[in-house]
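> I would like to see how this sequence folds:
(one chain, ligands or ions: 2)
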Amino acid sequence: MSLYCGAVCRRKSFWCCRLLSTYVTKTRYLFELKEDDEACRKAQQTGVFYLFHDLAPLLRQASGHRYLVPRLSRAELEGLLGKFRQDSQRIEDSVLIGCSNQHEAWFALDLGLKSTSSIHAPLPKSEMEAELRGSFIALRQAVFQLNLMDSSLLFTAQALLRWHDSHQFCSRSGQPTKKNMAGSKRVCPSNKIIYYPQMAPVVITLVTDGARCLLARQSSFPKGLYSALAGFCDIGESVEEAVQREVAEEVGLEVENLRYSASQHWPFPNSSLMIACHATVKPGQTEIQVNRRELEAAAWFSLDEVATALKRKGFFSQQQQSDTVPLMLPPKLAIAHHMIKSWVETQTCSSLAA
Ligand SMILES: NC(=O)C1=CN([C@@H]2O[C@H](COP(=O)(O)OP(=O)(O)OC[C@H]3O[C@@H](n4cnc5c(N)ncnc54)[C@H](OP(=O)(O)O)[C@@H]3O)[C@@H](O)[C@H]2O)C=CC1
Ligand SMILES: [Mg+2]
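Numbers count the residues shown, from 1 in each chain. Ligands and ions are numbered 1, 2, ... in the order given. Next up, the predicted model:
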């Protein structure tokens, strides 16, 4: 689908009127829904709805331990609400999470939140599950059985629903705040302060000494699992400063040659923006001093060890029974996995070229 850029370019000149791409028209459509409550209300008539119960998404078991993510049409959702003697007005509690290339808007709605401020009581989980022929399953538990697109959409939906649930009141006036139709902000009616959904920036760094990379684990990680060093940015810090501080805090080393590689939204435990960087340890500073308040262990790993660990399949099925646990790396869904993989590829190429 493509449109003329009439909204931006009002001149009749041929040169001025270019065709907008599907991506641009879709982006502008979403922008309009966020800005205009009436347009969003209208989109809710023809949109589809992803359901949650107390932040757990509705899923349906498919073959091979995979989950499908059911979506409800407006009519199906109204039917469901009717069965639980709920007004269809409740649909306006939903939040906009995206749209298709054909401008079918996608919404997420949580019918099981227990927040004291909500005027709506949570609907009974098991009765809803029976009605919907699915289960509300914690995202953390389900995430490895979802495809990449579904997990990314559910990450966004859950993060936005959680943010609304925990920002029901104005921190200045103490009055209840009101969501706009799309859920892209909340406003305090008494003093007009606008609150926008937030993510916490987190730096994640893969440190190398040229031949090895540094991986660490927390005691809460599954047995054998090591990852790159991660930490929340402090207020006032640049990404570079946060990387240097986190590496120094956690393993007592100084790094240089920082290189940004990619970023990822990560919903656990709250909404974080993971900013992935590669860095090298300063020459002569390779001795690790683990900060036990943050980490259980940290170590240098060779290319062979990491490359072998990357090939291991079945992250959770292989939860180890024995005491000798092989090195496990974060699953493909996590940005840490891609940083480690990219390091292995770069090292392999340079050792082949040598
Ligand atoms: N996607 C991926 O590949 C990976 C993602 N991660 C994610 O990165 C995040 C950060 O890693 P982690 O090593 O735990 O971080 P840190 O090294 O910063 O250690 C956690 C500390 O940060 C505090 N904290 C929690 N939330 C915030 C916040 N919003 N702002 C500032 N400080 C905060 C905690 O305090 P308190 O003690 O009070 O809880 C705790 O002391 C985690 O959420 C983790 O899930 C990590 C590795 C890989
Ligand atoms: Mg950390």
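
> at which residues are the helices of the stretch 251-354 of the chain located?
Taking DSSP state H, counting those that start in this stretch as the criterion, the stretch 251-354 of the chain carries its helices at 303-311, 335-353.

> could you dump the ones you listed to TSV with distance to residue 100, mean neighbour count and mean pLDDT?
Quick note: C-beta positions are derived from backbone N, CA and C, even for glycine. Converted to TSV, the helices of the stretch 251-354 of the chain look like this (distance: least, Cβ to Cβ, whole Å; neighbours: other Cβ atoms under 10 Å; pLDDT from 0 to 100):
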stretch	distance to residue 100	mean neighbour count	mean pLDDT
helix 303-311	35	15	96
helix 335-353	26	15	89
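
> which one, of these, ends up nearest to residue 77?
Proximity to residue 77 (Cβ to Cβ) singles out helix 335-353 among those, at 34.0 Å.

> quick check: angle from that closest one to helix 303-311?
Computed by axes from the mean of the first three to the mean of the last three Cα atoms, to 10 degrees, the angle separating helix 335-353 from helix 303-311 equals 130 degrees.

> so is helix 335-353 next to ligand 1?
Yes. Using Cβ under 6 Å from any ligand atom, helix 335-353 reaches ligand 1 at 335, 336.

> list the neighbours of that helix that are in contact with it.
Helix 335-353 has contacts (Cβ atoms under 8 Å, 6 or more residues apart in numbering) with 204, 206, 208, 211, 213, 215, 227-228, 230, 261-264, 266, 274, 276, 278, 303, 306-307, 310, 329-332.

> pull out the buried members of the residues you listed.
204, 206, 208, 213, 215, 227-228, 230, 261, 264, 266, 274, 276, 278, 303, 306-307, 329-330 (16 or more other Cβ atoms under 10 Å).

> so which of the contacts of helix 335-353 also contact ligand 2?
Counting by Cβ under 5 Å from the ion, residue 230 from the contacts of helix 335-353 sit close to ligand 2.

> TSV for the helices of the stretch 251-354 of the chain, including distance to residue 240?
Shown next, in TSV, are the helices of the stretch 251-354 of the chain (distance: least, Cβ to Cβ, whole Å):
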stretch	distance to residue 240
helix 303-311	25
helix 335-353	17
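
> distance check, residue 184 against residue 31.
9 Å (Cβ to Cβ, to the nearest Å).

> before we move on, the earlier item: return only those of the contacts of helix 335-353 found close to ligand 1.
204, 227, 230, 264, 266, 274, 330.

> what about the third one, helix or strand, and which?
Secondary structure here is read from DSSP states H and E; on that basis residue 230 sits in strand 229-232.

> hang on, residue 77 in a helix?
Yes. Per DSSP: H, G, I helix; E, B strand; the rest coil, residue 77 lies within a helix segment.

> which residue, other than its chain neighbours, is closest to it?
In space, and not counting its chain neighbours, residue 77 is closest to residue 49: 5.1 Å by Cβ to Cβ, 6 or more residues apart in numbering.

> check residue 234 too.
Closest to residue 234 by Cβ to Cβ, 6+ apart is residue 242, at 6.8 Å.

> so residue 127 lies in a strand, does it not?
No. Counting by three-state DSSP, residue 127 falls outside a strand, being helix.

> neighbours around it, how many?
Counted with other Cβ atoms under 10 Å, residues neighbouring residue 127 total 11.

> show me what contacts it?
residue 84.

> pLDDT score assigned to it?
As predicted, residue 127 sits at a pLDDT of 97.

> sweet, I'm off.
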